[in-house]
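Enquirer: Following is a predicted model, sequence given first.
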Amino acid sequence: MTQLVSDHILEDTGADMPVHASAYPMLETDFELWNPNSWTRGHPHDLYARMRSEAPVMWSKMGRGGSGFWSVTRYEDIKTVELNPAIFSSERGGINMAVPPREHWRPEVLIRAAMDNLISMDEPRHMQMRIQQKDFFIPAYVKELREKVSVKVESLLDDLEANGPELDFVKFFSNQLPLYTLCEMLGVDEEDRQKIVYWMHYLEMASQFMTNPFRTFLSEPLFPLRFKKVVEEMFAYGARVMADRRANPRHDLLTMIAHSKLDDEQLPQEYLDGSWLLIIFAGNDTTRNSLSGTIKLMTEWPDQRAMVLDDPSLIPRMSEEALRMVSPVKHMRRTALEETELNGQLIAKDEKVVMWYGAGNRDPEVFPDPDRFDMMRDNVDKHIAFGHGIHKCLGSRVAQMQLRVAYEQIFQRFPNIEFTGDIKYGPNALVHAISKLKVNLYGKGNSRPTKVQVKAMETA
């Protein structure tokens with residue numbers, strides 16, 4: 001019988017201090033890295049800089065009964081953790097920052113699904129699963145998908161124009177494009193796609209509810225009553241779709257997952273649930289928040305925008321630099337399988353190690369003048385926004401394709417699109433959740449141009 005990650009996962013003990021003495025100081029700060037409510041102003045880049053400089057492997061305490069963890073902020077240290085999965089496990093404690101005791105797993109199906117999936121597996125099972133899904137992430141399929149994405153982007157830009165000139169870019173574009181692409185890959189029927197929008201909303205509110213139920217109640221009073229039912233509906237739908245794909249295969253990713261095997265056995269329902277949750281949630285965030293974050297950056301760095309407008313073949317470089325600057329995934333967690341040392345710090349067996357990608361992506365040792373947007377830097381593609389090593393994001397090619405297609409058409413159609421300064425970040429410690437980004441399609445004080453002339457776009 002296939003072993004579940006959730007059956008053997010390491011639960012938090014509430015350990016407040018590390019086993020071994022800290023080699024670096026525990027910096028005093030009001031910013032609680034573990035707390036989603038700390039992240040409503042985006043990445044704490046000043047804190048990251050202090051940590052990289054003074055405490056690159058820093059013990060961080062955790063509230064609400066969770067065990068403390070080692071925060072890793074330097075680029076090379078993060079790569080060391082990523083490239084040593086035999087020591088730093090994704091499976092022993094999962095990828096979430098904390099695993100509460102089992103009696104607190106509610107709703108249980110959701111907590112288990114967050115563990116029983118590809119991203120929380122170690123070798124050799126991780127690669128077994130990854131290889132079986134690769135056909136939907138290889139260049140040939142991404143090229144085929146690109147044509148559909150291009151048509152969708154054009155339609156979304158029509159909607160922007162119809163609702164402009166000032167509007168919420170997240171609502172009308174960033175939320176829509178990755179959802180469309182994801183549904184096309186999965187094979188979700190058109191009439192069911194709005195259900196996923198609804199479920200995603202509730203999943204995103206879940207982390208806030210767990211850390212600050214009162215705030216969630218104030219913003220959405222019925223959330224506690226509806227949440228359990230919404231989760232049950234989401235997984236019931238996923239189970240029905242997976243069962244249908246086993247009986248009636250199609251050429252889509254859902255079919256591929258439904259027919260995947262581990263150790264020559266079909267995936268048990270728990271892993272189907274986990275795959276369903278992972279794809280719905282993880283398949284959206286990188287692209288969605290990169291799109292919004294890049295529009296903000298292009299307003300803040302007009303010289304870089306001018307370069308792209310003058311030479312659209314630079315869009316791939318611009319996209320890579322924007323991923324570095326935005327760092328849409330904030331962290332991933334690993335667990336030490338044995339006593340080990342990282343940059344002079346002894347780490348005990350079963351202690352948590354959390355990699356902060358936003359800090360690594362602005363490490364001045366790797367990216368000189370790291371807070372400057374510079375698409376012409378020599379190592380523009382060496383960021384770790386998609387992770388590194390065997391767990392590098394399986395969907396990175398799809399994400400990059402969407403970003404490039406979107407920027408090509410956005411800057412062709414709205415070369416003066418401008419962030420107005422009105423932005424909102426969701427309370428989320430895992431992803432850089434830009435929940436609102438107000439833009440003016442034609443630039444501040446400008447009206448709709450009668451004709452936009454830009455050089456012909458080259459295919460990235």
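Expert: Ah, there it is.

Enquirer: where exactly do the helices run in the stretch 101-250 of the chain?
Expert: Assigned by DSSP state H, counting those that start in this stretch, the stretch 101-250 of the chain shows helices spanning 108-113, 125-133, 139-163, 169, 176-186, 193-211, 213-219, 223-247.

Enquirer: Any idea how many residues pack against the nearest residue to P178 once chain neighbours are set aside?
Expert: Leaving aside its sequence neighbours, P178 sits nearest to T287 (C-beta to C-beta, 6 or more residues apart in numbering; 4.0 Å). C-beta: built from backbone N, CA, C; applies to glycine. Neighbourhood size, T287 [other C-beta atoms under 10 Å]: 24.

Enquirer: got the angle between the helix or strand T287 falls within and helix 125-133?
Expert: If you go by DSSP states H and E, T287 is part of helix 269-300. Orientation check (axes from the mean of the first three to the mean of the last three C-alpha atoms, to 10 degrees): helix 269-300 against helix 125-133 gives 80 degrees.

Enquirer: For helix 269-300, which residues meet the burial criterion?
Expert: Within helix 269-300, the residues that qualify as buried are 270-299, counting by 16 or more other C-beta atoms under 10 Å.

Enquirer: Averaged pLDDT, it. What do you get?
Expert: Across helix 269-300, the average pLDDT comes to 89.

Enquirer: Low-confidence stretches in the protein?
Expert: Scanning the chain for pLDDT under 70 picks out 1, 207-219, 283, 449-460.

Enquirer: Would you map the strands across it?
Expert: Taking DSSP state E, the strands of the chain run over residues 57-60, 69-72, 88-89, 166-168, 261-262, 265-266, 331-336, 340-342, 345-347, 352-356, 418-425, 434-440.

Enquirer: Out of those strands, which gets nearest to L145?
Expert: For L145, the closest of those is strand 434-440, at 24.2 Å, according to C-beta to C-beta.

Enquirer: And that closest one, what's buried?
Expert: Buried residues in strand 434-440, counted by 16+ other C-beta under 10 Å: I434, S435, L437, K438, V439, N440.

Enquirer: how many other residues sit next to M205?
Expert: M205 has 19 neighbouring residues, counting by other C-beta under 10 Å.

Enquirer: ok, now V197?
Expert: 12.

Enquirer: Tell me the spacing between L156 and A282.
Expert: Between L156 and A282 the computed distance is 22 Å (C-beta to C-beta, to the nearest Å).

Enquirer: Ignore what I typed, I meant V380.
Expert: 24 Å.

Enquirer: returning to that earlier point: for S53, which of the helices of the stretch 101-250 of the chain is the nearest?
Expert: The closest of the helices of the stretch 101-250 of the chain to S53 is helix 193-211. By C-beta to C-beta, the value is 28.7 Å.

Enquirer: What's the end-to-end length of stretch 162-171?
Expert: 14 Å (C-alpha to C-alpha, to the nearest Å).

Enquirer: in it, what's buried?
Expert: G164, P165, L167, D168, F169, V170.

Enquirer: Can you tell me which of these is closest to G63?
Expert: Closest approach to G63 among these (C-beta to C-beta): V170, at 29.3 Å.

Enquirer: For the closest one, list the residues it contacts.
Expert: R288, S292, I434, S435, K436, L437 (C-beta atoms under 8 Å, 6 or more residues apart in numbering).

Enquirer: how about a cut-off of 10 Å?
Expert: 176, 288-289, 291-292, 295, 423-424, 433-439 (C-beta atoms under 10 Å, 6 or more residues apart in numbering).

Enquirer: can you check A247 too?
Expert: Counting by C-beta under 10 Å, 6+ apart, A247 makes contact with A258.

Enquirer: Also K261?
Expert: Taking C-beta under 10 Å, 6+ apart as the test, what K261 contacts is T2, Q128, M129, Q132, L267.

Enquirer: Contacts only, for the last one.
Expert: Neighbour list for L267: 2, 116, 129, 132, 242, 246, 257-261, 273-275 [criterion: C-beta under 10 Å, 6+ apart].

Enquirer: now with 8 Å?
Expert: L267 makes contact with T2, I257, A258, S260, K261, S275, according to C-beta under 8 Å, 6+ apart.

Enquirer: Isn't Q409 up against V153?
Expert: Yes - between Q409 and V153 there is a contact under C-beta atoms under 8 Å: 4.9 Å.

Enquirer: Please identify which of these two sits among more neighbours.
Expert: Shown here are Q409 and V153; by other C-beta under 10 Å, V153 has more neighbours (22 against 16).

Enquirer: Quick check, that one in contact with P178.
Expert: No - V153 sits out of contact with P178 when judged by C-beta under 8 Å, with a separation of 11.4 Å.

Enquirer: Count the neighbours of the closest residue to P36 other than its chain neighbours for me.
Expert: In space, P36 comes closest to P427 once its chain neighbours are excluded; the distance is 4.0 Å by C-beta to C-beta, 6+ apart. Residues within reach of P427, counting by other C-beta under 10 Å, total 21.

Enquirer: G42 versus P427, what's the distance?
Expert: Applying C-beta to C-beta, the value for P427 to G42 is 12 Å.

Enquirer: and D252, how many neighbours?
Expert: For D252, using other C-beta under 10 Å, the count is 17.

Enquirer: That one - nearest residue in space that isn't next to it in sequence?
Expert: That would be G187: by C-beta to C-beta, 6+ apart, it lies 2.7 Å from D252.

Enquirer: do A322 as well
Expert: Using C-beta to C-beta, 6+ apart, the closest residue to A322 is T294 (4.1 Å).
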